[in-house]
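Undergrad: Got a predicted model here, sequence first, then my questions.
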Amino acid sequence: MALKITAAEMVATARSRIEEVETVDAIAMMKDPNVQFVDIRDPRERARTGFIPGAFHCPRGMLEFWVDPDSPYFKEVFAQDKKFVFHCASGWRSAISVATLQDMGFDSAHLKEGFGGWEKAGGPVEHSEPK
């Protein structure tokens with residue numbers, strides 16, 4: 001079965017119309033109280049590789065529901081007047097996610113090189129969930 005569009009094409013299309021944040025710029029945003037990082041990776045990825053300190057965890061499968069104030073699953077974190085920067089491991093899932101959120105009317109950006117780029121650039125990483 002031939003696909004109408006590949007995953008790589010979906011990512012490229014998303015990236016052409018969303019805001020992408022470079023890793024060095026994202027690291028500089030860490031201390032800005034008006035920026036909220038959102039990690040959409042699977043919980044097992046976070047446990048295995050760690051996470052950006054202060055990042056809100058929103059599994060990719062719940063994203064649209066947690067952002068939508070009319071959804072019974074809505075999370076108040078998304079009602080804040082902040083700049084939201086979403087990330088996954090490499091920037092593919094977060095690019096598509098931010099494009100979807102943009103279609104919903106939710107303003108956000110994504111970490112262009114994902115958590116892998118964050119680690120490579122020396123961004124801070126925590127390895128255990130806060131209690």
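TA: Yes, it's here.

Undergrad: from the chain's centre, how far out does the longest helix anywhere in the chain sit?
TA: When the chain is parsed with DSSP state H, its longest helix is helix 92-104. Here helix 92-104 shows a centroid-to-chain-centroid distance of 9 Å under the convention C-alpha atoms, centre = their mean, to the nearest Å.

Undergrad: got the buried residues for the lowest-mean-pLDDT helix or strand in the chain?
TA: When the helices and strands of the chain are scored by mean pLDDT, DSSP states H and E, helix 43-49 comes last with a mean of 94. Judged by neighbour count using 16 or more other C-beta atoms under 10 Å, the buried positions of helix 43-49 are Arg46. Glycine gets a C-beta too; all of them are placed from N, C-alpha and C.

Undergrad: The following helix or strand past that helix - which strands sit beside it in the sheet, and in what orientation?
TA: Scanning forward in sequence from helix 43-49 by DSSP states H and E, the next helix or strand is strand 56-57. Its sheet considered, strand 56-57 pairs with strand 35-39 (parallel) by DSSP bridges.

Undergrad: any weak-confidence spans in the protein?
TA: 129-131 (pLDDT under 70).

Undergrad: where exactly do the helices run in it?
TA: 7-15, 23-29, 43-49, 63-67, 92-104, 114-120.

Undergrad: how far away is Arg60 from Ile5?
TA: 19 Å (C-beta to C-beta, to the nearest Å).

Undergrad: got the contact list for Val38?
TA: The contact partners of Val38, by C-beta atoms under 8 Å, 6 or more residues apart in numbering, come to Ala55, Phe56, His57, Cys58, Phe84, Val85, Phe86, His87, Ser108.
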